[in-house]
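Q: predicted model and sequence below, questions to follow.
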Amino acid sequence: MPTGFQLGPFTIHYYGLVILVGITAALLLTAREAKRQEKTLDFLLDALPWLFIGAVLGARIWHIFTPPESMVARGITTRYYLTHILEALAIWKGGVGIIGAVLGGSLVLWAYARRRGESASTWLDILAPGIALAQAFGRWGNFINQEVYGLPSNLPWAIFIDSQHRLPGYSQVATYHPLFLYESLWSLLNMAFLLWIREKLGERLKSGSLFLIYLLVYGLGRIGLEFLRLDVSSWRGVNLNQIAMSLVVISTSVLLYNRQRRSSGDSEQV
């Protein structure tokens, strides 16, 4: 399967185009959500470069501390990255974690909003449906690169993986669960649920709660999908992503419960 095309001296990667479409769709949805909150996109556009840096750094740091088993088998471990700094910085060679991207970007937005005198929780709520939509698009880039596939499968919707993209020990196995598709669909459902619950609860939904719901739904889906992942990130047999997402689900559930019990005036800041 081709992963890109030549445009003069440049190589245009389909993965990059998919990401660009996802970001565009997310921005359009975010603009609509901002208008509903009587906000303009000026603040967000100013924050975008910092959000990008935070998301990229978070995604890379997450990968460095949770490398998948296929990389560990080749000696590319957390210890390797920490002792080979240039390799740790070489993000163009692959290796990012979407969980880290969300957490890194959210932390930067929180800090930037406070510096600008904006409500971080309000902007996180505005961004939440768009983040879920961007994730839904982004996972199709994994399909193009033949990565993020699941356990071997003979189901009618199983996908064929070229031999060069199969993991060690699976060279004779041709079809697998389309894990990228499952997560893409879950992200779309997450987005739809966020938009629905915002309409359903209206002003009863406290500032910051919508973003917490996004994290909660994403976390639950990720915990389930990790059972189908073939190339997991583990430590002594424990799935690190499942542990991390379990902590996210527990903490967001507690925060959401407490936030919804507070008075409106108490829930302005995250």
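A: Perfect, thanks for sending it. Numbering: from 1, shown residues only.

Q: hey, let's count contacts and neighbours off CA atoms from now on
A: Fine.

Q: hey, where'd the strands end up in this structure?
A: Listed in chain order, the strands of the chain (DSSP state E) span 4-7, 10-13, 159-160, 175-176, 234-235, 238-239.

Q: can you put those strands in JSON lines and add mean neighbour count?
A: Formatted as JSON lines, the strands of the chain follow (neighbours: other C-alpha atoms under 10 Å):
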{"stretch": "strand 4-7", "mean neighbour count": "11"}
{"stretch": "strand 10-13", "mean neighbour count": "12"}
{"stretch": "strand 159-160", "mean neighbour count": "18"}
{"stretch": "strand 175-176", "mean neighbour count": "21"}
{"stretch": "strand 234-235", "mean neighbour count": "14"}
{"stretch": "strand 238-239", "mean neighbour count": "14"}
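
Q: residues near A73, how many?
A: Residues within reach of A73, counting by other C-alpha atoms under 10 Å, total 10.

Q: what's the spacing between it and S233?
A: Applying C-alpha to C-alpha, to the nearest Å, the value for A73 to S233 is 12 Å.

Q: could the strands of the chain go into a markdown table alongside mean pLDDT and distance to V56?
A: Output for those, formatted as a markdown table (pLDDT from 0 to 100; distance: least, C-alpha to C-alpha, whole Å):
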| stretch | mean pLDDT | distance to V56 |
| --- | --- | --- |
| strand 4-7 | 72 | 22 |
| strand 10-13 | 74 | 18 |
| strand 159-160 | 94 | 29 |
| strand 175-176 | 96 | 29 |
| strand 234-235 | 86 | 22 |
| strand 238-239 | 91 | 23 |
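
Q: now render those as a markdown table, adding distance to A59.
A: Formatted as a markdown table, the strands of the chain follow (distance: least, C-alpha to C-alpha, whole Å):
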| stretch | distance to A59 |
| --- | --- |
| strand 4-7 | 23 |
| strand 10-13 | 20 |
| strand 159-160 | 27 |
| strand 175-176 | 26 |
| strand 234-235 | 17 |
| strand 238-239 | 18 |
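
Q: can you tell me which of the ones you listed comes nearest to R222?
A: For R222, the closest of the strands of the chain is strand 238-239, at 11.6 Å, according to C-alpha to C-alpha.

Q: quick one: low-confidence ranges for the stretch 51-200 of the chain?
A: The model of the stretch 51-200 of the chain has pLDDT under 70 over residues 92-94.

Q: which residues in it form helices?
A: For the stretch 51-200 of the chain, the helices defined by DSSP state H, counting those that start in this stretch cover 69-72, 78-83, 85-89, 98-116, 120-144, 179-201.

Q: packing partners for the fifth one?
A: The elements that helix 120-144 packs onto, with contact taken as 3 or more C-alpha pairs under 8 Å, 6 or more residues apart in numbering; DSSP states H and E, are helix 14-36, helix 98-116, helix 179-201, helix 209-225.

Q: turn those into a markdown table, including distance to I85 and mean neighbour count.
A: Output for the helices and strands packed on helix 120-144, formatted as a markdown table (distance: least, C-alpha to C-alpha, whole Å; neighbours: other C-alpha atoms under 10 Å):
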| stretch | distance to I85 | mean neighbour count |
| --- | --- | --- |
| helix 14-36 | 26 | 17 |
| helix 98-116 | 19 | 18 |
| helix 179-201 | 30 | 18 |
| helix 209-225 | 30 | 21 |
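
Q: of those, which is nearest T83?
A: Judged by C-alpha to C-alpha, the one of those that comes nearest to T83 is helix 98-116, at 21.0 Å.

Q: C-alpha coordinates for the closest one, CSV please?
A: What follows is helix 98-116 as a C-alpha-only set of coordinates in CSV (Å, rounded to 0.1, in the frame of the first residue of the first chain):
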residue,chain,number,x,y,z
ILE,A,98,-1.8,9.9,21.9
ILE,A,99,-2.4,9.7,25.7
GLY,A,100,0.7,11.9,26.3
ALA,A,101,-0.4,14.3,23.5
VAL,A,102,-3.8,14.9,25.2
LEU,A,103,-2.3,15.3,28.6
GLY,A,104,0.6,17.5,27.4
GLY,A,105,-1.6,19.7,25.4
SER,A,106,-4.1,20.0,28.2
LEU,A,107,-1.5,21.0,30.7
VAL,A,108,-0.1,23.7,28.4
LEU,A,109,-3.6,25.1,27.7
TRP,A,110,-4.3,25.3,31.4
ALA,A,111,-1.0,27.2,32.0
TYR,A,112,-1.5,29.5,29.0
ALA,A,113,-5.1,30.2,29.9
ARG,A,114,-4.2,31.2,33.5
ARG,A,115,-1.5,33.5,32.2
ARG,A,116,-3.9,35.2,29.8
